[in-house]
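**Q** Generate a structure from the sequence data that follows.
(chains A, B and C)
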Amino acid sequence: MKAKKWLAVATGLLMMAGVMAGCGSDAGSSGESADGQTFLNVSYDPTRELYSDFNEAFSKKWEADTGEHVNFTQSHGGSGKQARSVREGLEADVVTLALAYDVDEIAATGLIDKDWIKKFPNNSAPYTSTIVFLVRKGNPKNIHDWDDLTRDDVAVVTPNPKTSGGARWNYLAAWAYAEKKFGGDTEQVKGFIKKLFQQVVALDSGARGATTSFVQRGQGDVLVAWENEALLSVQEDPDKYEIVVPPSSILAEPSVAVVDEVVDQKGTRKVAEAYIKYLYSKEGQEIAAKHFYRPRDEEVAAKYASQFPKLTLVTIDDAFGGWQKAQKDHFADGGTFDQIYEKK
Amino acid sequence: MQKEKGALGWALIGIAALFLLVMLVLPLVLVASEALAKGWQTYLRAITEPFAVKALYLTLEATVLAVISNTVFGLASAFLLTKFSFRGKSLIGSMIDLPFAISPVVAGLFFIMLFGRMSPLYPFLRAEHITIVFAVPGIILATVFVTFPFITRELVPVMEAQGRDEEEAAATFGASGWQIFRYVTLPNIKWALVYGVILCTARAMGEFGAVSVVSGHVRGKTNTLPLHIEILYNEYNFTAAFAVASILVILAVLILVLRNLAEGRAKRGESHDG
Amino acid sequence: MMKMTKHVIPGFHFTLGITFFYLSLILLLPLAAFLLYSSGMGMAKFLDVVCDARVFHAYEVSFGTSLAAAIINAVFGLLLAWVLVRYEFPGKRIFDGLIDLPFALPTAVAGIALTTLYAENGWLGRFFYAAGVSSAFSVVGITIALVFVGIPFVARSVQPVLKDLDPSLEEAAVMFGATPWQTFRRVVFPELLSPLLSGAALAFARGIGEYGSVVFIAGNLPYETEIAPLLIMAKLEQFDYQAAAAIAIVMMALSFLILLALNSYQRYRVRRQGV
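**A** Residues are numbered from 1 along each chain as shown, chains lettered A, B, ... in the order given. As a prediction, this is how the structure comes out:
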């Protein structure tokens, strides 16, 4: 009997060794030692095309400047999910996420310096965007401002603020409008937002899912979306959609940061900082503008002025006292978003 | 086996066929028609694109490793559950089913919490330069996790129906454990085993939720085929997304054809013996 | 009491060793890490999260649609297995092979394909909508997606058993003048009950946890079409791992109880038949 027990244990160990050997060889082959450094930019969904172009440009420049060949890789997904992956051990050199709150959450674990937002100009947001409406061609429902979204005959598509960073910008943009309209009467503002969300027919889990519901499935009359996403949809299908820019909206600032702990360990701080600085350069701003993000650089902005109509923009700091507070007031459990869905 | 059908037989076949048509064939037709919506050229370009090929290799690698280790486990656990009586058997049986009850997303989280940055093991792994989550090993582990009940599940009902008499007889005549397994048990469960391996393979290839959590989505490195499809879809590149999805469908069909061939050969062999 | 350690067939310790080792490595260790991590939340917060009205409603949606899908799958899975084992007809092999496809198709692709089909402008959706049934972005849509992912479970559980069923019993029944229905009801069905239940329970358990294919077709409106796994994602998105764990633990516990009951029932049946 004893011999058999040992046999059992030995077999178990062998199997484990097999699995580990399989893993080990993979870990080896995907390791960083082989050819040059690898560099990982963890970003959110709509920036895939942007960073694919940007990486190509930057890798040329870096090789010309320093002679080093660096292998630039990118990872995309929902902003919150990506932030979580970095917290959980995904070794990103830089993060370029949809909102400052997600970067704050990474900073809370010590991976990024607490003062990251001051490390680079303009709140560490090299490009901006805003929230606009995408409607069917000819604007059949005659939608022009946030008020129209609360009309009974209008069906709205927006992603879920609980699961999508982009949707939080949508929500706050509507909130800021209502707050101004009702002179800060919170109950009336809540009523307005509640009515707006009663008109919502699909609450997708991500910004791109919402776009698909609107574009592919023909759901709803209006999609509340990032300006860059709306411009992309119109570019793909100019005969079917058009953009309505409301008179006022919110200044969406997607944040960038160097992941300090990772770059210090990998020895990639120099390239990481150069990478982000390059986003602020003329070339970087040009690439951003080409992918429908509003550039910060005035010269580049002037060049693309026709693409980005002027509108009144509130900032998250002025209207909501920063992301931490906005998150707590509106999107945390029991926040205003939960309240408007409370069952009566 | 009854061969004559009659009206009832045809009616049943008809209903079953209709069900399959609506629930399974139409989605497939949709995948195919979307994949080819922009012609063969676009289709070929989409499936030969380097990132897609890389993702295919990774998917195959994870699938093969997961299926091999799960087959060994499946055989051992099914033998244990059906040929012996012992205390805690129900518990072990239910534990084997547990991955079915766990949302794949949560399964992914398990491994993040075991090997990720918040784990007590992390400093050690870090010092030894072992990366498990957000790398290939994590993907393999997640795949193993979601697929390991399949083979056991397929084997247990058949082995239960078989009973223990034959094995017990063999044991009384002094056959060793391996001999009993090889010459008595295995021939009886051959087809259930093949079914199980096929289910396990198919499921491993298509696994999305759990792998998505542990992958990190690094392009060209930790993207499996299903993740690559999601990426293409999110790029509004629907044609390419469905084209790559069709690779998975083709792979599945290939496996099923192989199974049918093997089955046909085995049937001929059996009739020869008898 | 029976003596538990003596077995006629050799290999008990060997198989127990492998099974136990593998389960520990793949299942118990990660599960322990998960429970350890979420144990910090305390009972008050746990109850607070899981008793929330919205969470409760999400459970209802998840369990209700999974149950409906499991029942549909039990009926059609049995039918599929029966047709495949008992009849010869052209195209049978393709028919047989198709059943495994829901496994091979990544859930996200399945979700996208089904939503495209059942949306208001889809190939099938237009008929449903014309009949006044919203087949997408509703509980109907969720059920359709769950039926799709669960098809193979029942069919593949029943099929091997049906194949190995001793035909002499049925022949005997027919010889003694039983109608086909009586034969099926009294002779065949009892044999199939165990794999049928096991398959349906697996389809049910799978349905509760299903996320990838459902999010696309669900519409995700709170109190209407929000499923429990989506709430887990929502909690994670707020970096609230513990709340996510709380919801997950309740789902896991319920599914596990269902599977445990099923296994015990089967054990009981085997024992009774053995006597």
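
**Q** Packing partners of the strand or helix carrying C:V83?
**A** Per DSSP states H and E, C:V83 falls inside helix C:53-86. Here helix C:53-86 is seen to pack against helix B:6-20, helix C:92-98, helix C:139-164, helix C:189-209, helix C:228-237, helix C:241-274 when contacts are counted using 3 or more CB pairs under 8 Å, 6 or more residues apart in numbering or on different chains; DSSP states H and E. C-beta here means a position set from N, CA and C on the backbone, and glycine is covered the same way.

**Q** what's the offset of it from the middle of its chain?
**A** 7 Å (CA atoms, centre = their mean, to the nearest Å).

**Q** how about that helix: buried residues?
**A** Neighbour counts over helix C:53-86 (16 or more other CB atoms under 10 Å in any protein chain shown) mark C:54-55, C:57-59, C:61-63, C:65-70, C:72-74, C:76-86 as buried.

**Q** try stretch B:150-169
**A** B:150-162, B:164, B:166-168.

**Q** if you look at it, does any of it touch chain C?
**A** Yes. Shown here: stretch B:150-169 in contact with chain C (CB under 8 Å from any CB of the partner chain) through B:R153, B:E154, B:P157, B:V158, B:E160, B:A161, B:Q162, B:R164, B:E167, B:E168.

**Q** Which of those residues fall within helices?
**A** If you go by DSSP state H, the residues of stretch B:150-169 next to chain C have B:R153, B:E154, B:P157, B:V158, B:E160, B:A161, B:Q162, B:E167, B:E168 in helices.

**Q** Need these in CSV (columns: distance to C:I249).
**A** Output for those, formatted as CSV (distance: CB to CB, whole Å):
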residue, distance to C:I249
B:R153, 24
B:E154, 29
B:P157, 30
B:V158, 34
B:E160, 31
B:A161, 35
B:Q162, 37
B:E167, 40
B:E168, 42
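
**Q** I'd like to know which of those residues is nearest to chain A.
**A** B:E167 (16.8 Å; CB to the nearest CB).

**Q** can I assume that closest one is in contact with B:L186?
**A** No. If you go by CB atoms under 8 Å, B:E167 and B:L186 don't touch, sitting 11.1 Å apart.

**Q** tell me which parts of chain B are close to chain A?
**A** Close to chain A, as judged by CB under 8 Å from any CB, chain B has residues B:61, B:65, B:69, B:72-73, B:112, B:115-118, B:122, B:129-137, B:140-141, B:144, B:216-221, B:231, B:233-236, B:238.

**Q** Drop anything exposed from these.
**A** Buried, going by 16+ other CB under 10 Å: B:61, B:65, B:69, B:72-73, B:112, B:115-118, B:122, B:130-137, B:140-141, B:144, B:216-219, B:221, B:231, B:233-236, B:238, out of the residues of chain B next to chain A.

**Q** Intersect the residues of chain B next to chain A with the contacts of chain C.
**A** B:S69, B:V72, B:F73, B:M118, B:L141, B:V144, B:Y233.

**Q** which two of the residues you listed lie the greatest distance from each other?
**A** B:V72 and B:Y233 (35.9 Å; CB to CB).

**Q** A:N142 - nearest residue in space that isn't next to it in sequence?
**A** A:D148 (7.2 Å; CB to CB, 6 or more residues apart in numbering or on different chains).

**Q** Could you pull up the contacting residues of A:K137?
**A** By CB atoms under 8 Å, 6 or more residues apart in numbering or on different chains, the contact set of A:K137 is A:D239, A:K240, A:Y241, A:E242.

**Q** Restricted to strands, list these.
**A** A:Y241, A:E242 (DSSP state E).

**Q** Switch the contacts of A:K137 over to JSON lines; also include pLDDT.
**A** Formatted as JSON lines, the contacts of A:K137 follow (pLDDT from 0 to 100):
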{"residue": "A:D239", "pLDDT": "90"}
{"residue": "A:K240", "pLDDT": "91"}
{"residue": "A:Y241", "pLDDT": "93"}
{"residue": "A:E242", "pLDDT": "93"}
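
**Q** Can you tell me which of the contacts of A:K137 are classed as buried?
**A** Buried residues within the contacts of A:K137, counting neighbours by 16+ other CB under 10 Å: A:Y241, A:E242.
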